[in-house]
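A.B. asks: From the sequence below, what's the structure:
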Amino acid sequence: MIDFRGAGPLVVFVHGGFWRPEYDRAHAGPLSAGLAEAGFTVATIEYRRTGWEGSSADVRAALASLDEPRVVIGHSAGGHLALLFSPVPVLALAPVTDLPRAYELDLDGGAVRDFLGGSPAGLPDVYAAAEPSRPATLIHGTLDEQVPVELSRAYAARTGSRLVELPDTEHFGLIDPLSAAWPSVLSELRALL
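C.D. replies: Model (predicted):
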């Protein structure tokens with residue numbers, strides 16, 4: 001399912017929520033409206049949050065169904081999925097990367113374990129297949145308690161990605177058009193177009 005808003009260059013948004021069923025694209029409404037007000041057409045996709053296979057299949061299918069998006073934006077777990085499956089440049093907002101490390105940190109009470117179906121030791125091939133490795137632009141708040149900025153730092157170092165760290169910004173400030181972080185999000189998005 002895809003929700004469209006606005007007019008202008010097409011950007012796709014992949015929402016977060018640690019791949020869990022209780023978090024759908026509804027919380028992305030303000031971000032989508034903010035992007036539309038800034039002059040973009042926004043396609044906010046939905047995907048099953050029932051594990052690796054369902055989420056992967058849905059995001060791939062949604063991206064394949066759209067006519068030439070200019071940029072794919074993903075937040076948190078959505079940043080992870082955008083980094084894996086986007087055919088165009090990615091703006092990843094506080095993405096969950098380095099899944100073995102995220103597993104060790106027990107993010108959101110076992111979110112990585114639940115998403116992939118087990119531990120890195122027990123499922124090394126699944127973890128390898130689910131780990132993004134493409135260069136991208138990342139934005140991460142230094143006050144993020146949901147997804148530590150160390151994950152984006154390690155990803156940027158490993159992939160040569162651009163990392164913009166925002167002091168005094170927490171996890172959800174990156175998707176809030178009323179936050180102090182919002183101008184940085186728009187600036188980095190425009191730089192990718």
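
A.B. asks: which parts of stretch 42-61 are buried?
C.D. replies: 42-47, 49, 52, 55-56, 58-59 (16 or more other CB atoms under 10 Å). In this view, the C-beta of every residue, glycine as well, is placed from N, C-alpha and C.

A.B. asks: Could you do stretch 90-102 as well?
C.D. replies: Those buried within stretch 90-102 under the rule 16+ other CB under 10 Å are 90-99, 101-102.

A.B. asks: among those, which are in strands?
C.D. replies: Among the buried residues of stretch 90-102, the members found in strands (DSSP state E) are 90-93.

A.B. asks: The closest residue to Tyr47 other than its chain neighbours and Thr142, how far apart?
C.D. replies: Spatially, and ignoring its direct neighbours in sequence, Tyr47 is nearest to Asp58 (3.5 Å; CB to CB, 6 or more residues apart in numbering). According to CB to CB, to the nearest Å, Asp58 stands 32 Å off from Thr142.

A.B. asks: cool, and Phe13?
C.D. replies: Look at Phe13 and Thr142: by CB to CB, they are 23 Å apart.

A.B. asks: Tell me where the protein has strands.
C.D. replies: Residue ranges of the strands in the chain, as given by DSSP E, are 2-5, 10-14, 41-45, 71-75, 90-93, 137-141, 162-166.

A.B. asks: Greatest separation within the buried residues of stretch 42-61: which pair is it?
C.D. replies: Val42 and Trp52 (26.1 Å; CB to CB).

A.B. asks: Ala43 touches Gly6, doesn't it?
C.D. replies: No: the pair Ala43 / Gly6 is not scored as a contact, 9.6 Å apart, by CB atoms under 8 Å.

A.B. asks: centroid residue for this structure?
C.D. replies: The residue lying closest to the centre of the chain (CA atoms, centre = their mean) is Gly79, at 1.5 Å.

A.B. asks: any idea how far Gly122 is from that one?
C.D. replies: With CB to CB as the criterion, Gly79 and Gly122 are 25 Å apart.

A.B. asks: re the thing from before, mean pLDDT for the strands of the chain: which is lowest?
C.D. replies: The minimum mean pLDDT among the strands of the chain belongs to strand 2-5 (a mean of 73).

A.B. asks: buried set for the helix or strand of the chain with the lowest mean pLDDT?
C.D. replies: Ranked by mean pLDDT, DSSP states H and E, the helix or strand of the chain with the weakest confidence is strand 2-5, at a mean of 73. Using 16+ other CB under 10 Å as the test for burial, strand 2-5 gives Arg5.

A.B. asks: residues making contact with that strand?
C.D. replies: Contacting residues not belonging to strand 2-5 are listed as 25, 32-33, 35-36, 41-46, 62, 65-66 [CB atoms under 8 Å, 6 or more residues apart in numbering].
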